[in-house]
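Q: with the sequence up front, the predicted model follows.
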Amino acid sequence: MLDIANTRIMITRVHPPGQIFFLLIGLGALSSFLVGYGMAKRPKFSFVYTLCFVAITAYTLYVIIDLEFPRIGMIRVDAFDHFLVEARDGLK
């Protein structure tokens, strides 16, 4: 049982390299540039479209990064810890 707990802790500490996060942010910026370039050809500025695109892009990046750090952000895995607590209590 202790080996499972140690394995779980070590897996939560393994993250992709910083270049992956740089690529995600760069991809968001590049897609924003391309959308802005495409919208520049239109005679009328669409504020709602721009706001929706920014919100969706930012939320997508947030969810991807939040999934990488499950104990810090909005998506939490603390509910699954009761299995480990029960297993630890059973060893006493």
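A: Yes, it's here. Numbers count the residues shown, from 1 in each chain.

Q: can you pull out the helices in this protein?
A: 2-12, 18-40, 47-68, 81-91 (DSSP state H).

Q: how about JSON lines for those, with mean neighbour count and distance to residue 74 added?
A: C-beta coordinates here come from the backbone N, C-alpha and C atoms, glycine included. Shown next, in JSON lines, are these (neighbours: other Cβ atoms under 10 Å; distance: least, Cβ to Cβ, whole Å):
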{"stretch": "helix 2-12", "mean neighbour count": "10", "distance to residue 74": "16"}
{"stretch": "helix 18-40", "mean neighbour count": "12", "distance to residue 74": "17"}
{"stretch": "helix 47-68", "mean neighbour count": "12", "distance to residue 74": "6"}
{"stretch": "helix 81-91", "mean neighbour count": "10", "distance to residue 74": "17"}
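
Q: kindly reformat the ones you listed as CSV containing mean pLDDT.
A: Conversion of these to CSV gives the following (pLDDT from 0 to 100):
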stretch, mean pLDDT
helix 2-12, 69
helix 18-40, 82
helix 47-68, 82
helix 81-91, 70
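
Q: give me the pLDDT value at residue 79.
A: In this model, residue 79 is scored at 65, pLDDT.

Q: start at 26, not 1
A: Renumbered: residue one is now 26, and that last one reads residue 104.

Q: got the phi and psi for residue 69?
A: phi -110, psi 130 (degrees, to the nearest 10).

Q: near it, how many other residues are there?
A: Number of residues near residue 69 (other Cβ atoms under 10 Å) recorded here: 5.

Q: so how far is residue 75 from it?
A: Distance from residue 69 to residue 75, counting by Cβ to Cβ, to the nearest Å: 12 Å.

Q: likewise for residue 67?
A: Distance, residue 67 to residue 75, using Cβ to Cβ: 11 Å.
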